[in-house]
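>>> build me a model from this:
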Amino acid sequence: QVQLVESGGGLVQAGASLRLSCAASGRTFSGNTMAWFRQAPGKEREFVAHISWEGFSYYTDSVKGRFTISRDGAKNTVYLQMNSLKPEDTAVYYCAQRPYGSSLSAVDYAYWGQGTQVTVSS
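Purely as a prediction, here's the structure:
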């Protein structure tokens with residue numbers, strides 16, 4: 001099994017930055033993809049970004065140029081650097097892992113963290 005623990009959320013003003021972290025423990029699948037999803041109140045969980053084992057990343061259009069996903073293999077940790085935050089970025093952010101291959105769909109990810117709240121005030 002894989003355990004994922006997110007941290008780094010908080011309340012910030014529009015235009016500020018936050019860095020989310022997701023520490024993975026337990027079984028390690030070489031070739032895994034790590035992703036960030038978010039869910040705002042009353043909305044479905046949506047894809048934000050993912051990064052492959054080799055370091056290739058992909059972003060949803062609304063965060064391109066503002067968010068950066070990265071991973072540290074030695075620490076088994078994935079990060080989401082969020083700059084120029086907007087009120088519409090307010091959501092619970094979830095870290096997820098897919099053991100093999102990448103996907104934009106939440107149903108394809110087997111392991112999830114508990115989520116961390118990000119609130120951006122205007």
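
>>> residue 76 against residue 21, yeah?
No: counting by Cβ atoms under 8 Å, residue 76 stays clear of residue 21, with 11.0 Å between them. C-beta coordinates here come from the backbone N, C-alpha and C atoms, glycine included.

>>> can you give me the strands in the chain?
With DSSP state E as the criterion, the chain has strands at 2-7, 10-13, 18-26, 33-39, 46-51, 57-59, 67-72, 77-82, 91-98, 111-112, 116-121.

>>> ok, residue 6 to residue 65 distance?
Going from residue 6 to residue 65 by Cβ to Cβ, to the nearest Å gives 23 Å.

>>> between the two, which is the more surrounded one?
Neighbour count, other Cβ atoms under 10 Å: between residue 6 and residue 65, residue 6 has more, with 22 against 9.

>>> list the contacts for that one?
Residues in contact with residue 6, defined by Cβ atoms under 8 Å, 6 or more residues apart in numbering, are 20-22, 93-95, 113-116.

>>> what pairs with it across the strands?
Taking DSSP bridges as the rule, residue 6 bridges to residue 22.

>>> repeat that for residue 35.
The partner residues for residue 35, given DSSP bridges, come to residue 50, residue 96.

>>> surely it is in contact with residue 93?
No: the criterion here is Cβ under 8 Å, and residue 35 misses it with residue 93 at 10.8 Å.

>>> closest to residue 87 among the contacts of residue 6?
Nearest to residue 87 out of the contacts of residue 6 is residue 93 (Cβ to Cβ; 14.9 Å).

>>> what's the closest non-adjacent residue to the residue most central in space within the chain?
With distances taken as Cα atoms, centre = their mean, the chain has residue 36 as the residue nearest its mean C-alpha position (2.2 Å). Nearest non-adjacent residue to residue 36, counting by Cβ to Cβ, 6 or more residues apart in numbering: residue 48, 4.3 Å away.

>>> repeat that for residue 109.
residue 96 (3.8 Å).

>>> and that neighbour, how far from residue 51?
Separation of residue 96 from residue 51 (Cβ to Cβ) stands at 12 Å.
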